[in-house]
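Colleague: Everything below, folded, please.
(2 chains)
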Amino acid sequence: MDAFLSALVTVLEPGNLVILFLATIAGLTLGAIPGLTVVMAIALAVPMTLWMETVPAMMLLIGLYGSGIYSGSISAILINAPGTPASAATGLDGYAMAKQGRPLKALRLALWASVFGGLVSIILLVLIAPQLAQVALKFGPAELASLLIFSLTLIGILSGGSMAKGLLAAALGMLIATIGADPMLSVPRFTLGYTELWDGFSFIPVLIGLFAIAELFEQGAQRFKDADDAISISHTDSNMNRISKEEVRKCAVPAVRSSLIGSLIGALPGLSASIAAFLAYAVTKRVSKTPEELGKGSVEGIVSAESANNAVTGSAMIPLLALAIPGDPPTAILLGALLIQGVTPGPMIFTFHPEVVYSIYLILFVALVFLAIIASFAIKPITHVLRVPKHILFPIILVMCVAGSYSMRSNIFDVYVMFGAGVLGYILRLFSVPIAPLLIAFILTSPFEEALRQALIGSNGSLMVFIQKPISAAFLGLAALMVASVMLRGRKEAKAKSSLQ
Amino acid sequence: MPNRLFGVTIAALSILFLMYAVPTIDSDQGFFSVGPKLFPNIGGSLTLIFGLLIALQKNGETETAALQTKDARVSLGLVLGITLGFILLLSQLGFLISVFLTLAAFLVVFGERRVRVILPVALGVPVVVHLIFLNLFALELPTGPLDFLLGGL
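Modeller: Modelled structure (predicted):
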C-alpha cells in the first residue's frame, strides 16, 4: 500500500503531469503524420529520458505510446493513409464514413473505442501480470533460456511475412548483440580494437537508426512525397456527426469483444497492434448482423479496429513486466529505457521496485484520461499537422536523430552506429525482413546468453538439462510445434497453389 | 530473383563470419564448460540456415521494386550522401554549421525554393536544438570552429 501511495504521489506531481500532457500532445501530433510511426516517435524520445527520473521517463514514453497509437487513426480517417500500421484497419470504415460527411463522428468513435480498449487492457494487466510473475519466480537458468528461445521464435514467426525472414532478423539481432565484451568472462568479441565497442553497441543509436533513419531513407527514395489532401472537419453537419444512443448500443458488444481480442494479442510476444486490429475487425465482420455495412462506413468496424489496437498498449506490458520479454517494438523500447534507468523488469520487479510497477499502472490510466480530454478538444488543430510537407519535416527529424544518438555518450562514434543501423534497417526493409525481431533479439540476447551459459555450466555442457526440466521442455516443445505448424501450412498452401495452376 | 540473391549473400557472409571472425575470439573458457564463442557460433549458424532457406524460396516477397526507377535511386543516393556528409562534417564544423548546411541542402535538393522557408528552418532548427540540449539536458553538442562564440553560452 505504501508503494502504491508513493507511486500515486509521484505520478500526480505537477511537473510529471506536465510531461505526460506534453507527451500526449506530441504523440497525437506525430502519430497523425503518415510515415512518422509511433515507434519512431518513442525512439526519438528515449535520449531525453537519460536525464530524467524513472517515473517522468515512463510518463514521456507511455504518453507517446498510447496517444500515438490512437492518432494514427486521424490520418487513416481523413486521408486514408494510416499514421501507424495499427490504424490501417480503422481506415477501412473511417475513411468511408469521413467521405460521407461524417469525419468528426469517425474520429470520436475511434477516440472512445481507443479509450475503452485501453481501459480493459489496463485492468487485465493489473490482474494478470503479478500472477505471471509469481510463476516466473520459479524459473531457473534452463527455464529462462527456453522461455527466451520460445519468445524469439514466436516473435520471428509472427512478425509478418516469411518465417525464414522473421527468424533471420532475430538471428541478426543476436549477432549484433554479441559485439563487445562477453557477459561472463569479459573476453572482447569483434571489437576491432575500438574501445567504444567494448560495451557493445548502445541501444539508442541502434534503435534510432533501425526505425527513424531507415524511414528517412525510404521516404527519401520516394522524394518525400506528401499524402493527399485531408478531408476537412471545419464545416461539418453537427447532427450527422453526433453519436446516437442506438449506435452506442450497437457498438457495446463489438467494443468489449475486440478489447479482449486486442488484450490477448498484446500479451503474446510478436503479435502487434495491427494484427489485433485486423483480427478483431475480421471477427466482427463474421458475427455482425449487418456484415455488408463493414467497409462502407460502419460504426462497428471503426470501434472494433480501434478498441483492439489500443487494448494492446496495456496488455503488452504483461510479458514486459512479468517476464522482461517485450512483445513489440514500443515495449522493447520501454524495456531498454527501464534498463537505462537501472530498473530491470522481470518477476523480481514486483518485489524490488513495486513503486515502478504501480507507477506504470497509474501512468497508463492517467495517459488514457489525458488522451480522452486532449483529443476531444484539440482534434481540429491536430489535423493541421497533416499539411506539414515531408521534405521539411524529415530533415528536421534527421537533426533530432543525430543529436539524440550523440547525447547517449557524447561520442561521435554513436552517430556512425546510428547511420550504419539506418542503412541495415533500410536494406532489410527492401527485402521485406521485419525489423521488430532484430530489435527485440538485440535487447534479449544478453540475458539469453547468460541464462543459456549458466544452464550449460550447471550441467557440465549437457544439453539434456533443457529437456529434463518440465517447464523448459514445454517451452522448447511449443517453439518446435509452432515452427512445424507454420512449415506444414506453407507446404499446404504451396500444394493448393500448384493444383490450382 | 532479388530475394534469392539476398539469401545467398546472407549465407555467404555467414560462412565468412564463422570461418574468419569467430576464430578471432580468445577461446580460453576458464573453468567453464562453454566459452565466449558459443553465442557467435549459434548466431552465425542460424543466419546461415535462414539465409539458405530464403535463397531456396520460390516467390519471396521484396520491396526492391521501389528502387526500380532511376529517379528513386538518385533520390536515395542524395539522401544517403547528404546524411553521410552531415555526419562526417559534424565533428569538423560543429553542430550549428553542419546542421545549417545539411538542412539547406536537403530543402533545396528536394524542391524547396522559397527563401522565407529555407532560411528560418536552416538557421532556426540548429539554434533551437542546440539550446534545448544545452539548457534542458546540460549537454554540449560539438561546437567546431564556433567554439570561441559558444564557449561562453
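Colleague: Spit out the contact partners of the residue nearest to residue A:8 when sequence neighbours are not counted.
Modeller: Of all residues not flanking residue A:8 in the chain, residue A:362 sits nearest, at 6.2 Å (C-beta to C-beta, 6 or more residues apart in numbering or on different chains). In this view, the C-beta of every residue, glycine as well, is placed from N, C-alpha and C. Taking C-beta atoms under 8 Å, 6 or more residues apart in numbering or on different chains as the contact definition, residue A:362 lies against A:7, A:8, A:11.
Colleague: repeat for residue A:406
Modeller: Taking C-beta under 8 Å, 6+ apart, we find residue A:406 in contact with A:412, A:414, A:415, B:90, B:141, B:142.
Colleague: since we're on the residue of chain B found nearest chain A, how many residues are nearby?
Modeller: Residue nearest to chain A within chain B: residue B:79 (3.1 Å; C-beta to the nearest C-beta). The tally of other residues near residue B:79 (other C-beta atoms under 10 Å in any protein chain shown) stands at 26.
Colleague: quick one: the nearest residue to residue B:94 once chain neighbours are set aside and residue B:118, what's the gap?
Modeller: Using C-beta to C-beta, 6+ apart and skipping residues adjacent in sequence, the residue nearest residue B:94 is residue B:144, 2.2 Å away. Distance from residue B:144 to residue B:118, counting by C-beta to C-beta, to the nearest Å: 22 Å.
Colleague: and if you look at residue A:167?
Modeller: 46 Å.
Colleague: So between these two, which is more surrounded?
Modeller: Comparing residue A:167 with residue B:118 by other C-beta under 10 Å, the one with more neighbours is residue A:167, at 25 against 17.
Colleague: after the helix or strand hosting that one, next one along is what?
Modeller: Assessed by DSSP states H and E, residue A:167 sits inside helix A:163-177. Going down the chain from helix A:163-177, the next helix or strand is strand A:180-181, by DSSP H and E.
Colleague: Distance from that next one to the middle of the chain?
Modeller: Chain-centre distance of strand A:180-181: 28 Å, with C-alpha atoms, centre = their mean, to the nearest Å.
Colleague: what does stretch A:269-280 give?
Modeller: With C-alpha atoms, centre = their mean, you get 10 Å for stretch A:269-280.
Colleague: and what of stretch A:207-215?
Modeller: 15 Å.
Colleague: Using CSV, write down the CA coordinates of it.
Modeller: Provided in CSV are the C-alpha atoms of stretch A:207-215 (Å, rounded to 0.1, in the frame of the first residue of the first chain):
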residue,chain,number,x,y,z
LEU,A,207,17.1,1.9,-32.2
ILE,A,208,17.1,5.4,-33.9
GLY,A,209,18.9,4.0,-36.9
LEU,A,210,16.7,1.0,-37.4
PHE,A,211,13.5,2.9,-37.2
ALA,A,212,13.9,6.6,-37.8
ILE,A,213,16.9,6.7,-40.2
ALA,A,214,15.6,3.8,-42.3
GLU,A,215,12.3,5.6,-42.6
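Colleague: Name the surrounding residues that touch that stretch.
Modeller: With contacts defined as C-beta under 8 Å, 6+ apart, stretch A:207-215 is touched by A:35-37, A:39-40, A:43-44, A:46, A:329, A:333, A:336, A:397-398, A:401, A:404-405, A:417-426, A:428-429, A:435, A:438-439, B:83.
Colleague: Check stretch A:459-479 too.
Modeller: A:138-140, A:142-143, A:145-147, A:149-150, A:153-154, A:455-456, A:458, B:33-34.
Colleague: Put the buried members of these into a ChimeraX selection.
Modeller: Typed into ChimeraX, the next command selects the buried ones out of the contacts of stretch A:459-479 (criterion: 16 or more other C-beta atoms under 10 Å in any protein chain shown):
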select /A:139,142,143,145,146,147,149,150,153,154,455,456 /B:34
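Colleague: coming back round to it: is it fair to say the residue nearest to residue A:8 lies in a helix?
Modeller: Yes - under DSSP: H, G, I helix; E, B strand; the rest coil, residue A:362 sits within a helix.
Colleague: quick one, what contacts residue A:418?
Modeller: Shown in contact with residue A:418 (C-beta under 8 Å, 6+ apart): A:205, A:206, A:208, A:209, A:213, A:401, A:402, A:405.
Colleague: Buried residues in the one helix or strand it maps to, which are they?
Modeller: If you go by DSSP H and E, residue A:418 is part of helix A:412-430. Using 16+ other C-beta under 10 Å as the test for burial, helix A:412-430 gives A:412-426, A:428-430.
Colleague: What of stretch A:348-365?
Modeller: Judged by neighbour count (16+ other C-beta under 10 Å), stretch A:348-365 contains these buried residues: A:349-350, A:353-365.
Colleague: Assign a three-state SS to the closest residue to residue A:453 other than its chain neighbours, would you?
Modeller: Sequence neighbours aside, residue B:34 is the residue nearest to residue A:453 in space, at 5.4 Å (criterion: C-beta to C-beta, 6+ apart). Classification of residue B:34 by three-state DSSP places it in coil.
Colleague: is it true that residue B:34 touches residue A:454?
Modeller: No - taking contacts as C-beta atoms under 8 Å, residue B:34 lies outside contact range of residue A:454: 9.7 Å.
Colleague: which strands and helices sit next to the biggest helix by length in chain B?
Modeller: Longest helix of chain B, by residue count under DSSP state H: helix B:70-109. Applying 3 or more C-beta pairs under 8 Å, 6 or more residues apart in numbering or on different chains; DSSP states H and E, we find helix B:70-109 packed against helix A:214-221, helix A:390-407, helix A:412-430, helix B:115-131, helix B:147-150.
Colleague: mind exporting the fourth one as CSV, just the C-alpha atoms?
Modeller: The C-alpha coordinates for helix B:115-131 follow below in CSV (Å, rounded to 0.1, in the frame of the first residue of the first chain):
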residue,chain,number,x,y,z
VAL,B,115,13.9,31.6,-49.2
ARG,B,116,11.4,32.6,-46.5
VAL,B,117,11.1,28.8,-45.7
ILE,B,118,14.7,27.7,-46.2
LEU,B,119,16.4,30.4,-44.1
PRO,B,120,14.2,30.2,-41.0
VAL,B,121,14.4,26.4,-41.0
ALA,B,122,18.1,26.1,-41.7
LEU,B,123,19.0,28.8,-39.2
GLY,B,124,16.3,28.3,-36.5
VAL,B,125,16.4,24.5,-36.1
PRO,B,126,20.1,24.2,-35.2
VAL,B,127,19.9,27.1,-32.7
VAL,B,128,16.7,25.7,-31.0
VAL,B,129,18.1,22.1,-30.8
HIS,B,130,21.4,23.3,-29.5
LEU,B,131,19.8,25.5,-26.8
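Colleague: what sits against the closest residue to residue A:203 other than its chain neighbours?
Modeller: Nearest in space to residue A:203, with sequence neighbours left out and distances taken as C-beta to C-beta, 6+ apart, is residue A:336 at 4.5 Å. Going by C-beta under 8 Å, 6+ apart, residue A:336 touches A:46, A:203, A:204, A:207, A:443.
Colleague: can we see that at 7 Å?
Modeller: By C-beta atoms under 7 Å, 6 or more residues apart in numbering or on different chains, residue A:336 lies in contact with A:46, A:203, A:207, A:443.
Colleague: most neighbours, which of the residues you listed?
Modeller: residue A:207 (30 neighbours).
Colleague: Would you state the predicted confidence (pLDDT) at that one?
Modeller: What the model reports for residue A:207 is a pLDDT of 88.
Colleague: Report the helix or strand with the lowest average pLDDT across chain B.
Modeller: For chain B, using mean pLDDT, DSSP states H and E, the weakest element among its helices and strands is helix B:147-150, scoring a mean of 67.
Colleague: what's the neighbour count on residue A:248?
Modeller: Residue A:248: 14 surrounding residues under other C-beta under 10 Å.
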